[in-house]
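**Student:** kindly generate the corresponding structure for this input.
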Amino acid sequence: MSSSIDYGNLMHHAMRGLIQQVLTDVAETGLPGEHHFFITFDTMHPDVEIADWLSDRYPGEMTVVMQHWFDNLTVTDEGFAVTLNFGDSPEPLYIPYDAILTFVDPSVEFGLRFETQDGDDSDAPPAPMIVAEDIELPEDDTKETPKGEAEVVSLDSFRK
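**Tutor:** As a prediction, the model looks like this:
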């Protein structure tokens, strides 16, 4: 038995479950109202499945937008698959929840950022730290993506 409660891992699991539930609802009923998602993920995660040209173009991390056009959204306990359109080229993606770095719904100023804490000198992997925070959005600086095209954005525009 552990000598302490691992709140970091418990929050990590709960927040990934929140993303799973939101995506499950969207897969069943579509995006309600003005909701849309910016999802940043680690393209080097061993279970991420994206086209080679995308991983070559975005080594490390990539942000996708689920808003006007997406197809084949399938949600599982481990991750989700979706087809997005990149310049009139539909591309299937598979993103495990463990690869997600940020999940943002700017329509309601909601965001989750998954970070790992720098560990001490132990060999154990660092515990995840989850920050649920209000995201300061740029003043209507978001450009409208034409229907049928996905947009990769930089999260620098959301940082304070």
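**Student:** which strand or helix spans the residue nearest in space to the middle of the chain?
**Tutor:** Central residue of the chain (Cα atoms, centre = their mean): Ile39, 2.9 Å from the mean position. Element membership for Ile39 (DSSP states H and E) is strand 37-42.
**Student:** that older thread, what residues are bridge-paired with the residue nearest to the centre of the chain?
**Tutor:** When bridges are called by DSSP bridges, Ile39 pairs up with Val64, Phe103.
**Student:** my guess is it meets Ile95, correct?
**Tutor:** Yes. Using Cβ atoms under 8 Å, Ile39 is in contact with Ile95, at 7.0 Å. Where you see a C-beta, it was placed from the backbone N, CA and C, and this is true even at glycine.
**Student:** quick one on the thing from earlier: how about the following helix or strand past the strand holding Ile39: buried residues?
**Tutor:** Using DSSP H and E, the helix or strand that follows strand 37-42 towards the C-terminus is helix 52-57. Across helix 52-57, burial judged by 16 or more other Cβ atoms under 10 Å covers Leu54.
**Student:** now stretch 21-40
**Tutor:** 22-23, 26, 31, 35-40.
**Student:** tell me which helix or strand Arg113 sits in.
**Tutor:** With DSSP H and E as the criterion, the answer for Arg113 is strand 110-116.
**Student:** packing partners for that strand?
**Tutor:** When contacts are defined as 3 or more Cβ pairs under 8 Å, 6 or more residues apart in numbering; DSSP states H and E, strand 110-116 packs onto helix 7-29, strand 100-105, strand 128-134.
**Student:** make it 7 Å
**Tutor:** For strand 110-116, the elements it packs on are strand 100-105, strand 128-134, judged by 3 or more Cβ pairs under 7 Å, 6 or more residues apart in numbering; DSSP states H and E.
**Student:** and it with strand 37-42, angle?
**Tutor:** Following axes from the mean of the first three to the mean of the last three Cα atoms, to 10 degrees, one obtains 10 degrees for the angle between strand 110-116 and strand 37-42.
**Student:** cool, thanks, signing off.
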